[in-house]
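Engineer: A structural model of the following input is requested.
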Amino acid sequence: MPSSNGKKINPPQHQDRRPGLESEMHPQPEFDSASFHPGGKLTDKVAIITGGDSGIGRAAAVAYAKEGADVVIVYLNEHEDAKVTERHIEQAGRRCLLLAGDVGDSTFCADVVKQTIETFGKLDILVNNAAEQHPQQQLEDISDEQLEKTFRTNIFSMFYLTKAALPHLKKGAAIINTSSVTAYRGSPNLLDYSSTKGAIVAFTRSLATNIAGRGIRVNGVAPGPIWTPLIPSTFEESQVATFGADTPMQRPGQPEELAPAYVYLACDDSSYMTGQMLHINGGEIING
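Structural biologist: This is a model prediction of the structure:
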């Protein structure tokens, strides 16, 4: 959500293309932290990450590869960004499968799981991370088409992919869903987006209790303002310039600052955690 205090902390920029491209951002998001020291926590695991071509998804994908996992990157059409992510995964010595398509389509989601099993023979981790947002000044400005598309991408996709993945997930598997700080405090110009993020919290908590008996954990991450292509592709230049300035830390987060959380929730370190949300938001205090 753009800052309201007027403090400029980012170069003003806007991308007309949606979804945006990480390669066209300046500065480009930081996704591969030199301070991250892998410990083989995901050795020989197989993970699907939606929205894994850029932003938070890319950071999680690279961290997973460094921890020893093969990664399936699901994305819409950002082929250039996806190839960069693939290159970093392969540089870490792991395999990468790129699958382009619309996660709001249940048939495509089923095919993602099918191709994953055909390629790697198993599935251990599902990261439901893909999302879109379309700021509008008031409720009346949200068209039926926008409302349905936002819900299809942001929450329907989680039902579709998880439903397709569950028959292949065994005891010890992990599902991780990306929500948002807006699920907890709302956002006046992101009514439909915030609503989907609230639904993701409820989905995470409900699914966790539903499948706890299978030994599959379900958790999530609720990021605050993070420097990703979603920002310049959906906000105006003036809003991008102040994005993140109203957090207690007075800056947006970098994708690499979230990656360790996705590793933690995917590995056995979090074996006694399910139905929970990790709040990585620059210091905002969240109730709920």
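
Engineer: Touching stretch 191-207 from outside, list them.
Structural biologist: 128, 131-134, 136, 139, 142, 146-147, 150-151, 154-155, 158-159, 162, 175, 177-180, 182-184, 186-187, 218-220, 222, 275, 277, 288 (C-beta atoms under 8 Å, 6 or more residues apart in numbering). In short, each C-beta sits where N, CA and C put it, glycine included.

Engineer: redo that, cut-off 7 Å
Structural biologist: 133, 139, 142, 146-147, 150-151, 154-155, 158, 162, 177, 179-180, 182-183, 186-187, 218-220, 275, 277 (C-beta atoms under 7 Å, 6 or more residues apart in numbering).

Engineer: Got the phi and psi for Phe243?
Structural biologist: Dihedral pair for Phe243: phi -60, psi 120, per degrees, to the nearest 10.

Engineer: Let me know how buried it is, in neighbour terms.
Structural biologist: By other C-beta atoms under 10 Å, 23 other residues sit near Phe243.

Engineer: List only buried entries from the contacts of stretch 191-207.
Structural biologist: The neighbour-count criterion (16 or more other C-beta atoms under 10 Å) marks 133, 142, 146-147, 150-151, 154-155, 158, 162, 177, 179-180, 182-183, 187, 218-220, 275, 277 among the contacts of stretch 191-207 as buried.

Engineer: In strands, which of the contacts of stretch 191-207 fall?
Structural biologist: 177, 218-220, 277 (DSSP state E).

Engineer: so which pair among these is furthest apart in space?
Structural biologist: Val218 and Met277 (10.7 Å; C-beta to C-beta).

Engineer: Among the contacts of stretch 191-207, which lie within helices?
Structural biologist: 146-147, 150-151, 158, 162, 182-183 (DSSP state H).

Engineer: Does Val74 lie in a helix or a strand, and which?
Structural biologist: Using DSSP states H and E, Val74 sits within strand 70-75.
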